[in-house]
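In: Structure, please.
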Amino acid sequence: METVSVNVFRDNLKTLVEDAISRHEPLRVSRRSGQDFVVMSAQDWEREQETLHVLQNSSLMQQIADSMKTHTERTGYTPTKEQLDEITGI
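Out: Here you go, the predicted model:
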């Protein structure tokens with residue numbers, strides 16, 4: 001994560017915000033007081049929140065682990081050709 005001082009951030013606000021949004025990389029802004037803050041796009045923040053929700057939900061994590069196991073063992077559900085065609089729109 002790139003870090004800039006609050007003075008550099010203030011002087012280059014538009015460019016730095018646009019960069020954080022377009023590159024999907026948060027920007028850390030440091031202050032003399034030591035109370036840094038982070039600038040990121042709302043879309044990236046929402047994605048981070050969703051990830052945290054999944055990671056904190058033991059039921060969802062168990063479903064993911066079970067799915068990975070059946071995938072690795074190739075014992076999971078296999079859709080029919082018709083079902084695949086419906087899913088892919090072919």
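In: For stretch 40-47, which residues meet the burial criterion?
Out: For stretch 40-47, a neighbour-count test (16 or more other CB atoms under 10 Å) marks 40, 41 as buried. For glycine as for every other residue, the C-beta is placed from the backbone atoms N, C-alpha and C.
In: Could you export that stretch as PDB, keeping only the C-alpha atoms?
Out: Extracted in PDB, the C-alpha atoms of stretch 40-47 (Å, rounded to 0.1, in the frame of the first residue of the first chain):
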ATOM      1  CA  MET A  40     -10.200   3.600  -1.300                       C
ATOM      2  CA  SER A  41     -13.100   3.300  -3.700                       C
ATOM      3  CA  ALA A  42     -16.500   2.500  -2.300                       C
ATOM      4  CA  GLN A  43     -16.600  -0.600  -4.600                       C
ATOM      5  CA  ASP A  44     -13.400  -1.900  -3.100                       C
ATOM      6  CA  TRP A  45     -14.600  -1.100   0.400                       C
ATOM      7  CA  GLU A  46     -17.800  -3.000  -0.100                       C
ATOM      8  CA  ARG A  47     -15.900  -6.000  -1.500                       C
END
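In: what is the mean pLDDT for it?
Out: Averaging pLDDT along stretch 40-47 gives 97.
In: Not counting the lowest-mean-pLDDT helix or strand in the chain itself, show me its contacts.
Out: Of all helical and strand segments in the chain, the minimum by mean pLDDT, DSSP states H and E falls on helix 81-88, at a mean of 92. The contact list for helix 81-88, computed with CB atoms under 8 Å, 6 or more residues apart in numbering, reads 79, 90.
In: How far off centre is it?
Out: 29 Å (CA atoms, centre = their mean, to the nearest Å).
In: same thing with stretch 3-23?
Out: Centroid separation between stretch 3-23 and its chain, computed with CA atoms, centre = their mean, is 20 Å.
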